[in-house]
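Undergrad: prediction below, plus the sequence it came from.
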Amino acid sequence: MIHAPIAIDDGIGQTTLTMQNRRDIWILAALLIVFLAGSIYMNVEQEHIDDDKRPSSNIARAAGTKALYLLFEQQGVKTDKLMTPMLQIPDDVGLIVMADPFKRAITAPEVDAMQAWLDKGGTLLYFRSVSGSGADFTEAIPTIDLYPPASLSVDKKSEYARDVNSIAISGTTRLLIEKPEEVTVIIGDKNRPYAVTWKEKKGRVIMVADSVGFQNSRISSADNAVFLLNIAQKHASGKFPRVLFDEYHQGFGSDTDVNSKSIWSLIGPSFRMLTWYLVCGLVIYIIIGNRRFGTPKELEPARIRSTTEYISSMAGLYRRARAPHFAVETLKSAFLKDIARKVDAPENAETEQICKLSATRYGWDASQLFGLLQRCDRFMVTAEAQRSGNKKTIKSMEAEALELGRELDGYIKTVKTG
């Protein structure tokens, strides 16, 4: 079946073509809507991450901590992200960075795992917010300072005070010490502390009010970046060289291990968008590539000319040339070549061998076919000798040629239908 251009002769053809065009337009319009909706959804999803106010290292806007993550990374600190529940903390992690508020609550098993990790020598850098509902420690809690200072100095005796002259304060959150005998103030004083620390067996907790600028928009103020880098370099070294930024409790990652994630979630937003474009483009290409231009028309089967028709049509030419033997010679030669190919006869096979193979293949009488071909040979010799004869002789040769053609045509039809 072929797809030919439709010939519009009346209203019926025009109606069929118009309806088909309308259907194609609706299909393409629907695909366009799906494509735009998917693209908008993916862009909104990415913008939602970018505009989010979570203190996450995945967010490059003002409230995020991507600048802090890159600072550690660029200064040679081995930095990574925690994307799964805090149930099994790797042994090479020396520092975990957490920040309020959380999107996922910390569970009791996670608290136990964190405490075990702290007891073995880990350090937690915890930015607290009054609006947070994260891990609760009894040593210090966040509270509100109605009249916060613009900047504070770091305790010069602190191991984190190297090259730090002042810390910028931007916000109303400070800390309230619950156990003064266990807590050491790093920024501020015991009445108005903004950063404190205490030991947990072999480990340590460093609690910092979120008014101490650590976010993307404030980390460059005063010496805040130097102070935080000093913490990372102190506690992410030796046997514990790695820093983990807690992204799981910021709502990223999943409840299961990365190995169980789908490929779609692992390839990231950029490659997801590219994959979406490729899939939509492929669908549109397939639909457009298979459109027919008009209604289908049946292809009429090729009309096979019989051998006798071929000889009859050339009769006038042969009559003028007085050479009917040419038609028989051409027909016999073509017949033998075709038959030899069909029965896989050896090259340069004799006529008799071809006849025997044909008889085996098509059930013919080999001697009868061989006799017909011999009659063709005799006719060609006789016709060649009598080509200068009278009209009666020529007409008799033409009749005999047509008869030979009819007999060969019978075999040819068998081959073509078989």
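TA: Perfect, I can see it now. On a predicted model such as this, the values are computed, not experimentally measured, just so you know.
Undergrad: quick one: the helices in the stretch 301-418 of the chain?
TA: Per DSSP state H, counting those that start in this stretch, the stretch 301-418 of the chain carries helices over the ranges 307-313, 315-321, 325-342, 351-362, 366-385, 391-417.
Undergrad: now those in CSV, with distance to residue 242, mean pLDDT and mean neighbour count?
TA: Every residue, glycine included, has its C-beta placed from N, CA and C. Below are these laid out as CSV (distance: least, CB to CB, whole Å; pLDDT from 0 to 100; neighbours: other CB atoms under 10 Å):
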stretch, distance to residue 242, mean pLDDT, mean neighbour count
helix 307-313, 89, 56, 17
helix 315-321, 96, 55, 13
helix 325-342, 75, 81, 18
helix 351-362, 79, 86, 18
helix 366-385, 89, 83, 16
helix 391-417, 79, 77, 16
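Undergrad: any chance of the ones you listed in a markdown table, with distance to residue 171 too?
TA: Formatted as a markdown table, the helices of the stretch 301-418 of the chain follow (distance: least, CB to CB, whole Å):
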| stretch | distance to residue 171 |
| --- | --- |
| helix 307-313 | 101 |
| helix 315-321 | 107 |
| helix 325-342 | 92 |
| helix 351-362 | 96 |
| helix 366-385 | 106 |
| helix 391-417 | 93 |
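Undergrad: with respect to residue 121, which of those helices lies nearest?
TA: Distance to residue 121, taken as CB to CB, is lowest for helix 325-342 among the helices of the stretch 301-418 of the chain, at 86.1 Å.
Undergrad: that older thread, so which of the helices of the stretch 301-418 of the chain gets nearest residue 57?
TA: Residue 57 lies closest, by CB to CB, to one member of those: helix 325-342, at 74.3 Å.
Undergrad: quick one: list the elements packing against the closest one.
TA: For helix 325-342, the packing partners by 3 or more CB pairs under 8 Å, 6 or more residues apart in numbering; DSSP states H and E come out as helix 307-313, helix 351-362, helix 366-385, helix 391-417.
Undergrad: that helix vs helix 366-385, what angle?
TA: Computed by axes from the mean of the first three to the mean of the last three CA atoms, to 10 degrees, the angle separating helix 325-342 from helix 366-385 equals 150 degrees.
Undergrad: alpha carbons only: can I get helix 325-342 in CSV?
TA: Extracted in CSV, the C-alpha atoms of helix 325-342 (Å, rounded to 0.1, in the frame of the first residue of the first chain):
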residue,chain,number,x,y,z
HIS,A,325,13.9,-17.1,-34.4
PHE,A,326,15.2,-14.1,-32.4
ALA,A,327,12.2,-14.1,-30.2
VAL,A,328,12.5,-17.8,-29.5
GLU,A,329,16.2,-17.5,-28.8
THR,A,330,15.7,-14.6,-26.4
LEU,A,331,12.9,-16.4,-24.6
LYS,A,332,14.8,-19.7,-24.3
SER,A,333,17.9,-18.0,-23.0
ALA,A,334,16.0,-16.0,-20.4
PHE,A,335,14.1,-19.1,-19.4
LEU,A,336,17.2,-21.2,-18.8
LYS,A,337,19.0,-18.4,-16.8
ASP,A,338,15.9,-17.9,-14.6
ILE,A,339,15.4,-21.7,-14.0
ALA,A,340,19.1,-22.3,-13.3
ARG,A,341,19.0,-19.6,-10.7
LYS,A,342,15.8,-20.9,-9.1
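Undergrad: helices along the stretch 1-150 of the chain, start to end?
TA: 11-51, 66-74, 108-119.
Undergrad: for the record, mean pLDDT for the first one?
TA: Read that as helix 11-51. Helix 11-51 carries an average pLDDT of 64.
Undergrad: same deal with the second one?
TA: For helix 66-74, mean pLDDT is 95.
Undergrad: again, but for the last one
TA: Averaging pLDDT along helix 108-119 gives 94.
Undergrad: export that helix to PDB, keeping only CA atoms.
TA: Once non-C-alpha atoms are left out, helix 108-119 reads as follows in PDB (Å, rounded to 0.1, in the frame of the first residue of the first chain):
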ATOM      1  CA  ALA A 108      15.400   8.300  68.300                       C
ATOM      2  CA  PRO A 109      17.600   5.700  66.500                       C
ATOM      3  CA  GLU A 110      19.400   8.600  64.800                       C
ATOM      4  CA  VAL A 111      20.000  10.300  68.100                       C
ATOM      5  CA  ASP A 112      21.500   7.100  69.500                       C
ATOM      6  CA  ALA A 113      23.700   6.700  66.400                       C
ATOM      7  CA  MET A 114      24.900  10.300  66.600                       C
ATOM      8  CA  GLN A 115      25.700  10.000  70.300                       C
ATOM      9  CA  ALA A 116      27.700   6.900  69.700                       C
ATOM     10  CA  TRP A 117      29.600   8.700  67.000                       C
ATOM     11  CA  LEU A 118      30.300  11.700  69.300                       C
ATOM     12  CA  ASP A 119      31.500   9.400  72.000                       C
END
